[in-house]
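A.B. asks: Mind looking at a prediction? Sequence and model below.
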Amino acid sequence: MKMKLTLPFCGFLVFSSSLVSSFFLAAADHAEDPALTTVAAKAKEKAKANTQSLPATITLAVDSTQSNVRAMTLHPIAEQIAQRLGVKLTLYPCPWARCLKAIEKGHVDLIFSVFKTPERDNFMHFIKPALAPHPVDFFFWIHKENPVQLATYEDLSALSLVQLRGNQYFPRFDHDESLSKTKTVDYQSAINMVLNKRVDAMIDLSLTPKIQKAAADPNNLLVRADLVENETINEYIAISKHSAWGPYHQKVSRVLEEIANKGIIAKYLEQIKVRESQ
């Protein structure tokens, strides 16, 4: 009886060993496949986001050099997001360049009014839907008493220029390393460089509130050059890939979609449009 019982049992052990060996060999082959590794990593991130509780707070980087109108109008959207997530919203005021660096390092979680670029895609999750599409004019301020020739893009090569650190403009300008470009930390500093004739021109965009330009140049000494470049660009909310909120970007996207579908975002953006046109 023992012999009869042992043989089937041994046969089962041999069969199981072969099956286990085949399984681990197959798993080893899959582990070496980069595509499958990426899929597995994403699945792991999604599972982690679904099982863990959300961080208690979400920190919004607020551009301290931005117009009060825009900042105050966008703030309620962030409050709506935090409320629906059931977490506390905290603010981190900073100059724009420092805000971007804080997002890159994961020191803050959330940032508004960013344009998507390949460089930023390395450290930001761009939350969909986009806040709004913007037809944007890129133009240049020059001094009335320094009437430089600036009618075509080629004219830029003979001029000294200033731009805001951290800003993205139009691709040809952004990637043109042959141009003489100085970067400043805020709008007023850039305007001052043209006012003091330290540079020939400053690049600006039509999204800049008129009241910000008026405050920076109260005597209206700067005028627009003839050169204008046009693009339609989506404005996004983004989450740092390196913050505690990185794994939850899809959840934030769903919340933003709910808010957008209720018309809340459109209402606030219309308020900005009206106020900044005054």
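C.D. replies: Received the coordinates, thanks. Numbers count the residues shown, from 1 in each chain.
A.B. asks: Who is Lys88 paired with across the strands?
C.D. replies: For Lys88, the beta-bridge partners under DSSP bridges are Thr57.
A.B. asks: Mind pulling up the pLDDT for it?
C.D. replies: Lys88 is assigned 97 on the pLDDT scale.
A.B. asks: please renumber so the chain begins at 326
C.D. replies: Sure thing, new numbering starts at 326, so read that last one as Lys413.
A.B. asks: Hmm, Asp480 is touching Asp525, no?
C.D. replies: No. Contact between Asp480 and Asp525 fails when scored by CB atoms under 8 Å: they sit 10.0 Å apart. Yep, even glycine has a C-beta here, placed from its N, CA and C like the rest.
A.B. asks: Ile536: neighbour count?
C.D. replies: Per other CB atoms under 10 Å, the neighbour tally for Ile536 reads 15.
A.B. asks: Follow the chain on from the helix or strand harbouring it and name the next helix or strand.
C.D. replies: When elements are assigned from DSSP states H and E, Ile536 belongs to helix 535-541. Towards the C-terminus, the helix or strand next in line after helix 535-541, according to DSSP H and E, is strand 547-565.
A.B. asks: Now do that next one: distance to the chain's middle.
C.D. replies: Here the centre of strand 547-565 is set off from its chain's centre by 14 Å, with CA atoms, centre = their mean, to the nearest Å.
A.B. asks: other SSEs contacting that strand?
C.D. replies: Using 3 or more CB pairs under 8 Å, 6 or more residues apart in numbering; DSSP states H and E, the elements in contact with strand 547-565 are helix 421-430, strand 435-440, strand 449-468, helix 512-520, helix 574-586.
A.B. asks: which of these is buried the deepest?
C.D. replies: Most buried of the helices and strands packed on strand 547-565 by mean neighbour count (mean count of other CB atoms under 10 Å) is strand 435-440; its value is a mean of 22.
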